[in-house]
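[1] Have a look at this prediction, sequence included:
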Amino acid sequence: MAKRVVIVGGGPAGMQTALELKARGIEPIIVERDVELGGKVRDWHKLFPSFTPASDVLDPIIRGVKSAKIRCFLGQEVRAIAPDGVTLRSEERIHADAVVVATGFTLFDAHRKQEYGYGLYSNVITSVDLERMMNNGRVTLADGSEPRRIAILHCVGSRDEKVCQRHCSKVCCITGVKQAIELKQMFPTADVFNFYMDIRMFGAGYEELYREAQQRYNVHFVRGRISEAAQTINDRIQIKAEDTLTGRPLRMTVDMLVLLVGMNGNRDNESLAASASLNIAPNGFFEPKDSFRGAVCSQREGIFFAGAATAPKSLADTLAEASMTASTVAEYLNHKYNTR
Amino acid sequence: MTFFAPFTIPFIIGTIFLFAAVATKFVLWLVRLPRVDKRLIRHNLFTWHTLAAVWEVVRESLLHVRIFKVNPVLGFMHASLAFGWFLLIVVGWIETVAYLGAQWVPLQGHVFFKYFMPINGITHHEPLFEQLMDALLLVVLTGVALAWMKRLRSRFMGMRRTTKHILFDRVALSALWFIFPARLIAESLTAALYGGEGFLTGSLGHALAETVPHDLLVMFYEPSWWVYSSLLGIFFVAMPFSRYMHILAEIPLIFLRHWKLHPTAERKSYDRFEVEACSRCGICIDPCQLQSELGINDVQSVYFLRDRRYNMLNLKVANNCLMCGRCEAKCPVGINLNTLRLNSRAKRRNIPYEGRYKYLRGLDRSSGEGRVGYFAGCMTSLTPATQHSMEQIFKAVGEDVWFADRDGGVCCGRPLMLTGETDAARKMVAYNTDLFRRHNITTLVTSCPICLRVFREHYRLDGIEVLHHSEYIDRLITEGRLSVAADARRYTYHDPCELGRGCGIYDAPRRVIAAVGEVVEPKHSRRDALCCGSSLANTVIDDSQQLRLGERMTAELEATGCDTIVTSCPLCMKAINRAARCSVEDISEVVAKNILRS
C-alpha cells in the first residue's frame, strides 16, 4: 500500500510538494483552509523580475494536482499536527506516515500602521490591492480618475520594531520596483516615487531591473521612510518624510500611496507548533531543524516544512524548496519502512 | 542638684553636633532660595497658611496619617516610633517638672532622669508618670519590633520590596534599633537597684533583682547607661547625613509648601528640602512597573533621590523613568518626584543653535479665527482616526474650528523638556503661545494629554480655556449640543498617565463612554492605573521592554472581558494596539461612530 503524507496548506509550496510526492508513488493529501487551491499568488498579476503572468506559473500546478487526482480537503482547517497525521477543527483525524507543514505566511495588516491611513483615506492601498486592480485590468483612484503622482512605501510591517516585526520580508523591494515599472507603463506621464530604507536586490536579474526602473522609466527613489500621511481636502494624500541622503525633511502631496506590506508568521503558528512541540523562531515563523542541511526538517521526525512557513520566500525559492521537501520526505519514508 | 555624669558625654556631643549641622543646612538652603520664593515666604508668613502648616506637621511628621492610608501596618510602625518618641520627650519633661518643680534642668537631666533620681536623693515615686513613660516605651518598642520584622521579611508589612541602604543609613538604623532596647535595659537595671513601679521597667527590675546576683547588677549598671547614651550620640551624629534627616527636613518643607513654594523645571535650593525629606521608606518601589515587570531595581524614586542627595546621580538613573507618576501618587511625604526627576535632567547649558529655528518664520500658513482651536498633537498625527473623528464631531455640532497644528503649530515642547532641553522647549512654547493669541481663540482643545499638561502648566494662556478632547466632548454631551446613540458594547477605559495622575481627569472620559455603552473597570484604574510603557519620558529602556510593559497592562485591560479598549492618548493607543487582541479605539472614535444626526 502506498505511504500517505498529509500536506497542510494548498498554496504553491503544498501543491508542488504533493505533485512531486505523487510522482514518487506516495499518496499526498492536501488540507487547505481556503475553499480554493492556489494561496496568495492567485491574487498576483505578474511576477518579478521577468513580468511572467502569475497564472502562467500557478495554473499548470493546479491543473497537475487535479489531473493527478490528489485528494484535497478544501475549506478545512488543521487544529493540531503530529508525525502520524493531523487533526482538523472538525475533530476529524487524518492518519499519515509523515506531515508537511506548508502553511505559508500572513500579510501584514496595514491598518496597524494607522499613521499611513490605510482604510481611512480612500487612495491609500497596499501592494496586494494594486495587484488585484491590475488583475481586474484597471488601476484608478477612488473617484475613477488616473493617478498622476504615486508614492510607493517600502517596509510596511517589515523591519519595524514598532509593530514587532523586525525581520526583512525579502520580496517587497523587488516588488516595489516591479510595481513602479508597471505603473509607469500604465501612466507614462505620472511621477512614481519609491520611499525606502535600503534597496535589497539580491536575486538574479533584480539589480538590473532596479537600474532599468531608474534609467528607462525614470522612477524616483528617495531614501527615507514616510513618517505620516494625511488626507487633503480633495482626497489627495500629503506625506511627510525625511530624505536621509540630503538630510532634509520633505513634504509632498501625491494622488495614491501604495504600501508594500510585509510577510509575517501566521498567528496560529504558535498553537500548531505547540501541538507537535515544534519551535517558533523569534520572527514568528517556524524554525527549521538546521538552516543548512536540515532546512526542510522540523525538530520532530516525520514533520517537514515547505515554502514560506519557515521564512519569507519568493515564489521561485518556494517551488525549489518544495522539490527538496518531497525528496526528503520520500527518503525518510523509504528509510523508515525498509529498515523495519 | 547635679545633672552630670561622664556617660552623658556621647549624648551631649551628638546633640550639639546635630543641632549645628541641621541649622547650617536649613539656613544655607533658605538663603539660597530664588528671590521669587523668598517673596512668597514673606507674603504668606503671617497668614492662616502658617496655621494650616502647623496642623499638617502634627498630622504628618508625628502621626503619619498618609502612610496609614497607604499601608496601615507601616503607618503604625512610623507613628509608634515618631509619635511615641515625641511623647516620651514631652512626658519625660513634664515628669521632671513633677518631681522637681519648675526649675532649669539641663537636657541630659531630662533624658537620663531615671539615672539622676537616686543621685539627687529622690526616692519617692510618681506612679502615674512611671506607668505612662513605660507605656510609651512599650509603644516605641513595638514600632522597633515591626521595623526589625520589615527588614527581615518585608512581606510582613505588606511590601514586596524594601529599600537597600547606604552606610550612613545602616549606622543610624542600627543605632536606632538598639536605642530603645538599651533604654529598657538601663531603666530596668536602675529599677532593680533603686526600685521603680512602672509595669514594664519596674517589673523587669524586680525580676532581675530576684534572679541576678547583686554584684552583677552593680557591675552592669553604669555600662548600660553608657550604651544608651552612646547609641543616642551615634544616632544624632549620623542623622543629618542619613535617611533620618527626613524627620527634621519634613517640618520646614511642610511650611514652605503651605507658603506656596514648589519645585520647578530648573533646580533650586528648595529641592534640597524635598530630597532630604525622603525617608526612604520604599513605598515607591512596589508601584514601579520597571521593577515589577522588567526587574530594574536601582532607578526607583527612593534610589534616585538618594543618589541625587549624595551627588552620585548618573543620567542613566535620572533618565530611566516613565514619569507615569504611580510612585508620586503613593509617596507619603508628597514629594514632587516627577518634577525633581525632570529638573535633574535639565542640562546646565542647552542653548540651541539659532539657525535651527529659522523654519519657524513663515510657518503659519493657516487661516481663520475660529472660536475653538484644535491642537491635535504630533502623536495624534500618527493616529489619524482620532483626528478624523474629531473633525466629524466638530462638524456635527457646527463648531467654528481653527486647526492649530495642521498648518501652523509646532511641537508643544514637552519631549524637549523631558530630555533636559529646556531652552529649546521655551522656543516652542513662545512660538505656539504667540500663534494661539494671533488667532484669537477662546478655547483650545487638544487630543494629546502630554500637550494638555504642558499647555496647562508651562504656557501662559490666560483667557484661553485649555481642554482635553474628552472634556470637550463631555461638555458637548452634557450641554445637549451633541447626542449619541447607545450601543450594547462593553468598554474598558485605560487612564493615560498624563491625563489621569497628570491632570486629574478621570470622570469626563468615563461619562462620555457611559453615554455610549457599558464601562467596565480593570484591576488598576484611575489614580492607580498602569502605565502603557510607551512614555516619551524614558530614554533608557528599549523597545522590547516597552512592549513587555504594554503587553502586561493590555492583558489586564482585556481580562475585564470587554469588547473594546478605549483610551484617550495617542501614545497609549499605539502601545495597546501592539498588544491587544480586541479592538482599540480612541474615545473620539467611540463617539464619532455613534453620533445621532438630527
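    Arrived safely, thanks for sending.
[2] My understanding was that residue A:212 contacts residue A:181; is that so?
    Yes. Assessed by Cβ atoms under 8 Å, residue A:212 is found in contact with residue A:181 at 7.2 Å. The C-beta positions use only the backbone N, C-alpha and C, and glycine is treated the same way.
[3] Comparing the two, which residue is more hemmed in?
    Using other Cβ atoms under 10 Å in any protein chain shown as the criterion, residue A:212 and residue A:181 rank with residue A:181 on top: 22 against 15.
[4] Tell me how far the closest residue to chain A within the stretch 1-150 of chain B lies from residue B:334.
    Of the stretch 1-150 of chain B, the residue with the smallest distance to chain A, taken as Cβ to the nearest Cβ, is residue B:70 at 36.5 Å. Applying Cβ to Cβ, to the nearest Å, one obtains 11 Å for the distance of residue B:70 from residue B:334.
[5] same deal with residue B:475?
    For residue B:475, the distance to residue B:334 - Cβ to Cβ - is 31 Å.
[6] For residue A:141, give me phi and psi.
    phi -80, psi 170 (degrees, to the nearest 10).
[7] Also residue B:189?
    According to degrees, to the nearest 10, residue B:189 has phi -60, psi -40.
[8] Quick check: which ranges of chain A have low pLDDT?
    Counting by pLDDT under 70, chain A has low-confidence residues at A:1, A:339-340.
[9] That one against chain B: which residues are in contact?
    By Cβ under 8 Å from any Cβ of the partner chain, the residues of chain A that approach chain B are A:112, A:114-115, A:117, A:120-121, A:161-164, A:227-231.
[10] I figured the residue of the stretch 1-150 of chain B closest to chain A hits residue B:284, correct?
    No. Residue B:70 is not in contact with residue B:284 according to Cβ under 8 Å; the separation is 10.3 Å.
[11] out of the two, which sits in the busier spot?
    More neighbours surround residue B:284 than the other of residue B:70 and residue B:284, with 26 against 17 (other Cβ under 10 Å).
[12] Give me the phi and psi for the more buried one.
    The phi/psi pair for residue B:284 (degrees, to the nearest 10) is phi -70, psi -10.
[13] for the stretch 151-300 of chain A, what spans make up the strands?
    For the stretch 151-300 of chain A, applying DSSP state E, counting those that start in this stretch gives strands covering A:191-196, A:220-223, A:226-231, A:237-243, A:248-254, A:256-261, A:263-264.
[14] and the last one, how far out from the chain's middle?
    Put plainly, it is strand A:263-264. With Cα atoms, centre = their mean, to the nearest Å as the basis, strand A:263-264 stands 7 Å off its chain's centre.
[15] and for it, what are the contacting residues?
    Identification of contacts with strand A:263-264 by Cβ atoms under 8 Å, 6 or more residues apart in numbering or on different chains yields A:105-108, A:157-158, A:165, A:169-171, A:284, A:308, A:312.
[16] can you rerun that using 10 Å?
    Contact with strand A:263-264 is made by A:40, A:104-109, A:157-158, A:163-165, A:167-172, A:283-285, A:308, A:311-313, as judged by Cβ atoms under 10 Å, 6 or more residues apart in numbering or on different chains.
[17] What is the neighbour count of residue B:464?
    Counted with other Cβ under 10 Å, residue B:464 comes out at 17.
[18] Which residue is the nearest non-sequential neighbour of it?
    Here the nearest residue to residue B:464 in space, its sequence neighbours aside, is residue B:444; by Cβ to Cβ, 6 or more residues apart in numbering or on different chains that works out to 5.4 Å.
[19] Would you tell me which residues of the stretch 351-500 of chain B are close to chain A?
    Residues of the stretch 351-500 of chain B that fall close to chain A, judged by Cβ under 10 Å from any Cβ of the partner chain: B:359, B:378-379, B:381-388, B:406.
[20] Output stretch A:196-203 as PDB, restricted to C-alpha atoms.
    The C-alpha trace of stretch A:196-203 is given here as PDB (Å, rounded to 0.1, in the frame of the first residue of the first chain):
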ATOM      1  CA  TYR A 196      12.900  53.000   1.000                       C
ATOM      2  CA  MET A 197      15.300  52.400   3.900                       C
ATOM      3  CA  ASP A 198      17.600  50.100   1.900                       C
ATOM      4  CA  ILE A 199      17.100  48.600  -1.500                       C
ATOM      5  CA  ARG A 200      18.000  44.900  -1.300                       C
ATOM      6  CA  MET A 201      18.400  43.500  -4.800                       C
ATOM      7  CA  PHE A 202      19.800  40.000  -4.100                       C
ATOM      8  CA  GLY A 203      18.200  37.800  -6.800                       C
END
